[in-house]
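Colleague: The following block contains a protein sequence and its predicted model.
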Amino acid sequence: MPRAKSHQSAGGLIHAPVVPPEWEAPEPDSPRARILAAARELFAENGLDGTSVRDITVAAKVNSAMVHYYFRNKEELLQSVFSQSWSAFAEAVASVGQSRRTLPEQIAAIVDGAFDGA
């Protein structure tokens, strides 16, 4: 979940996100995008317990404060990696009926995309 700041409005307390929600793609080469890419790769290689925030910061070329700003903790970062991957997979599945490819070609493309970190 993105961090939220609170402010008063005529209707009461409103929570406004400080950072983009997980389902919004970050700008390419932004710190958030680099963190997500590094985390995806390291979690895939080493698992959650085998990956430290320090490992992620080194690979993403950011400091640990950036990881905590965008994701609060490692578990929330893992949730964002899953969310991003699931969104890409769901888009690929949704496009099945809109392609001129054969069904086996479309299924192969979906599976390939899922394992390429799409």
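Modeller: Structure's in. What do you need? Just so it is clear, the structure is predicted and the values come from calculations on it, not from any experiment.

Colleague: For the helix or strand hosting residue 67, buried residues please.
Modeller: For residue 67, the element it lies in under DSSP states H and E is helix 64-71. Judged by neighbour count (16 or more other C-beta atoms under 10 Å), helix 64-71 contains these buried residues: 66-67, 69-71. Heads up, the C-betas are built off the backbone N, CA and C, glycines and all.

Colleague: Switch those residues over to TSV; also include pLDDT.
Modeller: As requested, the buried residues of helix 64-71 are exported to TSV (pLDDT from 0 to 100):
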residue	pLDDT
66	95
67	95
69	95
70	94
71	93
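
Colleague: Go through those and say which is closest to residue 56.
Modeller: residue 67 (6.2 Å; C-beta to C-beta).

Colleague: List the buried residues of the strand or helix carrying residue 56.
Modeller: Using DSSP H and E, residue 56 maps to helix 53-60. Within helix 53-60, the residues scored as buried using 16+ other C-beta under 10 Å are 53, 55-57, 59-60.

Colleague: Could you single out the nearest of those residues to residue 85?
Modeller: Distances from residue 85 to those, taken by C-beta to C-beta, are shortest for residue 56, at 16.1 Å.

Colleague: The closest one contacts residue 67, correct?
Modeller: Yes - Residue 56 is within contact range of residue 67, at 6.2 Å (criterion: C-beta atoms under 8 Å).

Colleague: Overlap in contacts, the two.
Modeller: 35, 77 (C-beta atoms under 8 Å, 6 or more residues apart in numbering).

Colleague: Quick check: residue 31 vs residue 58, distance?
Modeller: In this structure, residue 31 and residue 58 are 14 Å apart, going by C-beta to C-beta, to the nearest Å.

Colleague: circling back: now the buried residues of helix 64-71 in JSON lines, with distance to residue 35?
Modeller: Output for those, formatted as JSON lines (distance: C-beta to C-beta, whole Å):
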{"residue": "66", "distance to residue 35": "7"}
{"residue": "67", "distance to residue 35": "6"}
{"residue": "69", "distance to residue 35": "10"}
{"residue": "70", "distance to residue 35": "6"}
{"residue": "71", "distance to residue 35": "7"}
